[in-house]
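# got a predicted structure here, sequence first:
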Amino acid sequence: MRLSRYFLPVLKENPAEAQIVSHRYMLRAGMIKQQAAGIYSWLPLGYRVLKRIEQIVHEEQIRAGHIPLLMPTLQPADLWRESGRYDDYGQEMLRIKDRQDRDMLYGPTNEEMITDIFRAHVSSYKDLPLTLYHIQWKFRDEMRPRFGVMRGREFYMKDGYNFDVDRDSALHAYNRHMVSYLRTYERMGLTAIPMRAASGPIGGDNTHEFLVLANTGESEVFYDDRVTALKLGDRQVDYDDRAEVEGICKEFTTLYARTDETHDEGLFEQIPEAHRKVGRGIEVGQIFYFGTKYSEAMGATVVTKEGNRVPVEMGSHGIGVSRLLGAIIEASHDDKGIIWPEGVTPFPVGIVNLKQGDAAADAACAGLEKALLAKGLEPLYDDRDERAGAKFATMDLIGLPWRITVGPRGLEKGVVELTSRRTGESEEMAPEAAVDRIAQIYAPHR
Ligand code: ATP
Ligand code: MG
């Protein structure tokens, strides 16, 4: 992409309405534009990152054996009357009437609708286990929308629902989700810690929230800091292997990590003092096992192997896809701008031409662009007739992890400069070597 032809409306000034750094940088980098409180347009740069994040979420859900579908944003109220939540949900639900005077709503979540799909088509244990998910816009009329996409009213969420014949299978589905989420966040360059969340009406130890540590987070968190060093890495997981999946969950949930809702001071004090930490976190996901709460209310049953008809066991599992942009920026930035992790960056590399109009520099940039494209790595080429300082400032603000700087002086020696956004370190090398290096860096992320 050539910057002269792109749509990147960067702002020079700090927008007064933005209270936290991610919101500020998303506005300044021309990623989003507010259209109403908590409702945003996704401008091209923001849209690219949103799609990258969505892609990673899809890949990891599919890897875990979960099946994508798509449900609508608008739902009939009657489904929610069946579960009793139409009245319970309160003011966060956006209620709408159609021209026939039928009650509709903009879905804040989809337990009822997915249960309706299930009961229409599935009735035997033979069709289980089954986990269906979608990534769709949600609407919650939050009392205090704020911090940009972090707490929106319209937001993009992955929500998945497992259907299982018995409690053990449903708990395996829960564990499968936990592991797939850990991998999802790691691919985005995040450390998201599963923390025991407030247990639902069923009680027990079966809901976890995933929190990214950040001073601007809305949740207070209490944890053993050794939990932040745990990594899934590139180990291969057999998602059908119950013991293996459960083992990984144990590994990641044994050290103390809780939000204020479930915090237990007595247990906390047993952590060696040097590792005992209190901080803040951003909730980027939550998994939940709730058994037969919806299936019983809505008559979603299956016939077991033994011939008994039982309500199907369920859980639901969400990832805040649009919130993740904010969380990643909170976790990865400096005073010049965003620093995208390679997994989610809108462009893998930027090209800065120090002397636009210089025949050798123009040709070298075009050559780099072509060579990168041939490797499936689309660069953002700043081909504008601007001062070098302004070009660097834009690149730093929008946070591409790598920059190739091309100028007549370097070209005389046959080199360009490759710079890491994260460390600021630069290295001179031949243009072909820079392309190879970029390809190498991104190989694990494709
Ligand atoms: P919160 O406690 O932050 O209001 P929640 O627990 O109500 O969130 P869930 O129903 O668990 O949210 O939704 C799954 C995920 O969707 C959350 O973990 C969060 O990442 C994201 N999410 C929830 N509400 C919003 C919102 N208003 N704006 C952006 N993302 C949201
Ligand atoms: Mg939640």
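Nice, I can see it. Ligands and ions are numbered 1, 2, ... in the order given.

# what separation do you get for residue 218 and residue 437?
The span separating residue 218 from residue 437 equals 39 Å under the rule Cβ to Cβ, to the nearest Å. Placement of C-beta: from N, CA and C, glycine included.

# equivalent analysis for residue 139, please.
To residue 437, residue 139 is 44 Å away according to Cβ to Cβ.

# likewise for residue 175?
39 Å.

# the two: which is more packed in?
Higher neighbour count among residue 175 and residue 437: residue 175, with 22 against 16, using other Cβ atoms under 10 Å.

# in this structure that one contacts residue 243, no?
No. Counting by Cβ atoms under 8 Å, residue 243 is not a contact partner of residue 175; they are 10.1 Å apart.

# lowest-scoring secondary structure element of the protein by mean pLDDT?
Using mean pLDDT, DSSP states H and E, the weakest-scoring helix or strand in the chain turns out to be helix 85-88, at a mean of 93.

# and the next helix or strand past that one?
The first helix or strand that comes after helix 85-88 along the chain, using DSSP states H and E, is strand 94-97.

# flag every buried residue along the helix or strand just after that next one.
Following the chain from strand 94-97 toward its C-terminal end, the next helix or strand by DSSP H and E is strand 103-106. Of the residues in strand 103-106, 105, 106 count as buried by neighbour count, 16 or more other Cβ atoms under 10 Å.

# other SSEs contacting strand 103-106?
For strand 103-106, the helices and strands in contact under the criterion 3 or more Cβ pairs under 8 Å, 6 or more residues apart in numbering; DSSP states H and E are strand 74-76, helix 77-83, strand 94-97.

# for ligand 1, find the nearest of the ones you listed.
With Cβ to the nearest ligand atom as the criterion, ligand 1 lies closest to strand 94-97 of these, at 12.3 Å.

# circling back: switch the helices and strands packed on strand 103-106 over to a markdown table; also include distance to residue 159.
A markdown table is the format used below for these (distance: least, Cβ to Cβ, whole Å):
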| stretch | distance to residue 159 |
| --- | --- |
| strand 74-76 | 13 |
| helix 77-83 | 15 |
| strand 94-97 | 17 |
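
# reformat the ones you listed as TSV; add mean pLDDT and mean neighbour count.
Converted to TSV, the helices and strands packed on strand 103-106 look like this (pLDDT from 0 to 100; neighbours: other Cβ atoms under 10 Å):
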stretch	mean pLDDT	mean neighbour count
strand 74-76	98	17
helix 77-83	97	17
strand 94-97	98	14
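
# any chance of a markdown table for those, columns distance to ligand 1?
Listed next are those as a markdown table, based on distance: least, Cβ to the nearest ligand atom, whole Å:
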| stretch | distance to ligand 1 |
| --- | --- |
| strand 74-76 | 16 |
| helix 77-83 | 15 |
| strand 94-97 | 12 |
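
# and those: which comes nearest residue 425?
Comparison of the helices and strands packed on strand 103-106 against residue 425 by Cβ to Cβ identifies strand 94-97 as nearest, at 49.1 Å.

# direction included, what does the closest one pair against?
Strand 94-97 has the following sheet partners, assigned by DSSP bridges: strand 103-106 (antiparallel).

# select the longest strand from the protein.
Among the elements of the chain assigned as strand by DSSP state E, the one spanning the most residues is strand 276-291.

# residues of that one that come out buried?
Taking 16+ other Cβ under 10 Å as the basis for neighbour counts, the residues of strand 276-291 that come out buried are 277, 280-291.

# and the helix or strand following it, what does it pack onto?
Counting by DSSP H and E, the next helix or strand C-terminal to strand 276-291 is helix 293-298. Contact here means 3+ Cβ pairs under 8 Å, 6+ apart; on that basis helix 293-298 packs against helix 77-83, helix 111-121, strand 313-320.
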